[in-house]
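J.: give me a model of this one.
(chains A and B)
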Amino acid sequence: MLEIKNLHVRIAEDQTEILHGIDLKIGAGEVHAIMGPNGSGKSTLSYVLAGKDDYEVTEGEILFNGEDLLEMEPNERAAAGVFLAFQYPIEIPGVGTMTFLKTAMNAQRKARGEDELTTPDFMRLVKDTAQRLKISMEMLKRPLNVGFSGGEKKRNEILQMALLEPTLAVMDETDSGLDIDALKVVAEGVNALRGEERSFLVITHYQRLLEHIVPDFVHVLSNGRIVRSGGKELALELEEKGYADYVGEAA
Amino acid sequence: MAGKGATDIKRVETAAEKAVIGHFDSMPGDDPMHDVRASAFDVIRHSGLPNRRVEDWKYTDLRTLLHDVPAPAGPGDVEKARAILAESDPLADLAGSRIVFVNGQFVPSLSDMAAIADQVDFASLGRFLADGGAIFDRFDMVDPSETPIMALNSAFMSDGAVLNIKQDADVEKPIHLAHLFVGEEAGLQTLRNLVSVESGAKATIFETYHGPDGLAYHTNTVSQIHIAEQAEVRWIKLVEDGSAAVHLGLSASRLDANAVFDPFTYTAGPALTRNEMRMVFSGRNTKSGIRGATLVRDDGHADFTLLVDHAVPDCESREYFKSVIDDTARAVFQGKIIVRPDAQHTVGQMMSQALLLDEGGEFDNKPELEIFADDVICAHGATCGQIDEEMLFFLRSRGIGEAEAEQLLVQAFLAEAIEEMGDEAVEQVLEARTRKWLGMAPEVE
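T.: Numbering: from 1, shown residues only, chains lettered A, B, ... in the order given. Below you'll find the model as predicted:
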């Protein structure tokens, strides 16, 4: 499904290289976790996958279902099935959450040559999904993420993911800023979406999230490289020993 | 250099000045309003059109911007106007009554005031002009020397709405003053509205302007408004003249005690617009939310100039203006708030914000606070920025194309001012106008 080959990335503004050759393969239905210390390039990787233009790819490629992902605009990537759950979901005053959801869903459907959703169908979908994620319809009447708590913003991200039904969900530190109850709701939302056709790349600093979203593979990212890969037990080991070994190795 | 002798140098008249003087001199001499018109027009005859050396017109130099002034328009095709209203009336089902002017003349056959006949008296200004204009004595006059818009209006006014909203009348549905320019020949339409809202009355008024794109016609419109004690009025002006049109407008209002007046000026369309608003707070505990949205593109020029006069204590004004500027267009906001020595406890909060969609655009913002009372809360602020890249990326990452995401953000930017009015039906009308300006499909529910 996703194949990252020798990916080198630098910040467009100051040309600082952040990723120094990442190789990663994610198969359909697999859940991969990327763990690493602060500053290791975790968020950069997620932004590059989503197509943020603050970064330049200087070497390597990313194939998504055989297609060159780097050639696609951010909205084209979304329509093709890539979804980024933001570490800090942005507030957009003046854009109603419902308007945003409907515009996004219909834009993707249009891009895929499907009919737009009717308002009743859309409303039903949102209501059902919101209920599962413990999101009140009152909340959805507000402008996008405005006045939402940290937990509400993250749940709103999962709601968008559930409605947009991506085939690859990249979750950038979804656990940051969540208390344990909110974490459970978010994790349940993610687990409900797990399936043979949907892959996840879960980026996190802590092992805690991976108790609730159990990965098939864990990779350690340090100083812009994947320095170790293993099964879910690797996460436990990291929790116990910390990142000191890897940071040391990089330095 | 501008010594004593400079005033003796004869000003060189521009083509537009020559044209407008020619048009005035061709007007019939037996008009009962002739003397009023002539004395107002003297301002133009002697000083010409305003230019950048006049502080109020620093950013909107009509001597440079106006290349011509067309002759007063002849009557427009009523059937054409009827078809335009049937197809694209921005208020459609919202208004409860409609007063229609075509090319500056009242058209009874397109108007319908039946639903509010017991609440509102209406007459067209035409017949008062024939009587010599004694009706003007009932309204505060803005002296023609104060603004050339008034001078030109008094010189050329042909018709308008004289409205009296009766005491305690609660006019449920908006009153629509619709102005259409039709035809293929450019002309000048000049309207004067006299509106008095008696004490305790409530009403929403929409004043709309529509005309063909690409035709360099001119609209000049002045509304003199008196809002009596405890009346509540919302007044939305939609300036959607055609793409080559010129719109000069003035709204002058007096607010008595405990009145609430919320004007919103929405401008999207003409090549050159200058909307002036003058408001005098003459009674205590009066509130006004003065808001507006200006959308301007190509090499368009849109100016909003505001003068708020807090003459008495305990009043509150909120000014909130948004400008969206694309291509090489230019938007101007001038906001002057005067707080007189007696006007203690005045609250005046002015904010003007611009969103530049292209590097070629320009926004000129000039706040002027003249505060002579010492116990007041007054503030002003201005911002000028571009589309937020982080917001744009967020929307795009959800599958929304760049153009559509930008449109959403423009709507969002304007919504902050529009939503302050707190009227969902009005919000929907303005949102639909913005969608049209942005070239988006109408919202289907």
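
J.: how many neighbours does B:Phe136 have?
T.: Residues near B:Phe136, counting by other C-beta atoms under 10 Å in any protein chain shown, number 18. Just so you know, the C-beta spots here come from the backbone N, C-alpha and C atoms, and that holds for glycine as well.

J.: part of a helix, is A:Lys5?
T.: No - counting by DSSP: H, G, I helix; E, B strand; the rest coil, A:Lys5 is not part of a helix but strand.

J.: make sure it is actually in contact with A:Asp23.
T.: Yes - A:Lys5 is in contact with A:Asp23 according to C-beta atoms under 8 Å; the separation is 6.0 Å.

J.: how many residues are close by B:Ala302?
T.: 28.

J.: next to chain A, which bits of chain B? Give me the list.
T.: B:390-391, B:393-402, B:404-405, B:408-409, B:411-416, B:419, B:445 (C-beta under 8 Å from any C-beta of the partner chain).

J.: for the stretch 1-150 of chain B, what spans make up the helices?
T.: Using DSSP state H, counting those that start in this stretch, the helices of the stretch 1-150 of chain B run over B:15-25, B:34-47, B:62-65, B:78-88, B:125-130, B:148-156.

J.: typed the wrong thing, it's chain A
T.: A:42-50, A:74-80, A:97-111, A:119-132, A:137-140, A:150-164, A:180-193, A:208-212, A:233-241, A:244-250 (DSSP state H).

J.: worst mean pLDDT among those helices?
T.: Here the lowest mean pLDDT among the helices of chain A goes to helix A:244-250, at a mean of 64.

J.: circling back: would CSV of the helices of chain A with mean neighbour count and distance to B:Gly214 be doable?
T.: Below are the helices of chain A laid out as CSV (neighbours: other C-beta atoms under 10 Å in any protein chain shown; distance: least, C-beta to C-beta, whole Å):
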stretch, mean neighbour count, distance to B:Gly214
helix A:42-50, 23, 43
helix A:74-80, 23, 34
helix A:97-111, 20, 32
helix A:119-132, 14, 37
helix A:137-140, 14, 43
helix A:150-164, 22, 43
helix A:180-193, 17, 53
helix A:208-212, 19, 60
helix A:233-241, 15, 67
helix A:244-250, 14, 65
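
J.: got TSV for these, with distance to B:Ala38 too?
T.: What follows is those, written out as TSV (distance: least, C-beta to C-beta, whole Å):
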stretch	distance to B:Ala38
helix A:42-50	69
helix A:74-80	62
helix A:97-111	55
helix A:119-132	60
helix A:137-140	63
helix A:150-164	66
helix A:180-193	76
helix A:208-212	82
helix A:233-241	90
helix A:244-250	87
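
J.: which bits of the stretch 151-251 of chain A sit near chain B?
T.: Counting by C-beta under 8 Å from any C-beta, the residues of the stretch 151-251 of chain A near chain B are A:160, A:164.

J.: so B:Met391 touches A:Pro93, yeah?
T.: No - the pair B:Met391 / A:Pro93 is not scored as a contact, 9.5 Å apart, by C-beta under 8 Å.

J.: between these two, tell me which one has more neighbours.
T.: With other C-beta under 10 Å as the criterion, B:Met391 and A:Pro93 differ in neighbour count, and B:Met391 comes out ahead with 21 against 16.

J.: what pLDDT does the more buried one get?
T.: 96.

J.: and the closest residue to it other than its chain neighbours, bridged to which residues?
T.: Among residues not flanking B:Met391 along the chain, A:Ile92 sits closest, at 5.2 Å (C-beta to C-beta, 6 or more residues apart in numbering or on different chains). Beta-bridge pairing for A:Ile92 (DSSP bridges): A:Leu144.

J.: shouldn't A:Ile92 be in contact with B:Gln411?
T.: No - if you go by C-beta under 8 Å, A:Ile92 and B:Gln411 don't touch, sitting 10.7 Å apart.

J.: hmm, who's touching the worst-scoring helix or strand of chain B on mean pLDDT?
T.: Ranked by mean pLDDT, DSSP states H and E, the weakest helix or strand in chain B is helix B:125-130, scoring a mean of 91. The contact list for helix B:125-130, computed with C-beta atoms under 8 Å, 6 or more residues apart in numbering or on different chains, reads B:31-33, B:105-106, B:134-135, B:157-162, B:191-194.

J.: and it, which residues are buried?
T.: B:125, B:128-129 (16 or more other C-beta atoms under 10 Å in any protein chain shown).

J.: do stretch B:278-295 as well
T.: B:278-283, B:285-295.

J.: and the pLDDT at A:Glu13?
T.: The model's pLDDT for A:Glu13 equals 92.

J.: residues near it, how many?
T.: By other C-beta under 10 Å, neighbour count at A:Glu13 equals 9.

J.: any idea how far chain B is from it?
T.: Applying C-beta to the nearest C-beta, to the nearest Å, the value for A:Glu13 to chain B is 12 Å.

J.: pretty sure that residue contacts A:Tyr55?
T.: No - between A:Glu13 and A:Tyr55 there is no contact, the gap being 9.6 Å when judged by C-beta under 8 Å.

J.: residue of the stretch 1-150 of chain B closest to chain A, please.
T.: B:Asp93 (19.3 Å; C-beta to the nearest C-beta).

J.: check that residue and give its pLDDT.
T.: 81.

J.: which residue, other than its chain neighbours, is closest to whichever residue of chain A sits closest to chain B?
T.: Nearest residue of chain A to chain B, counting by C-beta to the nearest C-beta: A:Gly94, 2.8 Å away. Nearest residue to A:Gly94 in three dimensions, chain neighbours excluded: B:Ala412, at 2.8 Å (C-beta to C-beta, 6+ apart).

J.: any idea which helix or strand carries the one you found?
T.: Assigned by DSSP states H and E, B:Ala412 belongs to helix B:402-419.

J.: and that helix, what does it pack onto?
T.: The contact analysis (3 or more C-beta pairs under 8 Å, 6 or more residues apart in numbering or on different chains; DSSP states H and E) places helix B:402-419 against strand A:92-96, helix A:97-111, strand B:287-296, strand B:316-325, strand B:347-356, helix B:389-397, helix B:424-438.

J.: the third one vs strand B:347-356, what angle?
T.: Put plainly, it is strand B:287-296. Strand B:287-296 and strand B:347-356 are oriented at 10 degrees to each other (axes from the mean of the first three to the mean of the last three C-alpha atoms, to 10 degrees).

J.: give me the sheet partners of the next helix-or-strand element following strand B:287-296 and which way each runs.
T.: Scanning forward in sequence from strand B:287-296 by DSSP H and E, the next helix or strand is strand B:301-310. Using DSSP bridges, strand B:301-310 pairs in its sheet with strand B:272-281 (parallel), strand B:330-339 (parallel).

J.: alright, that wraps it up for me.
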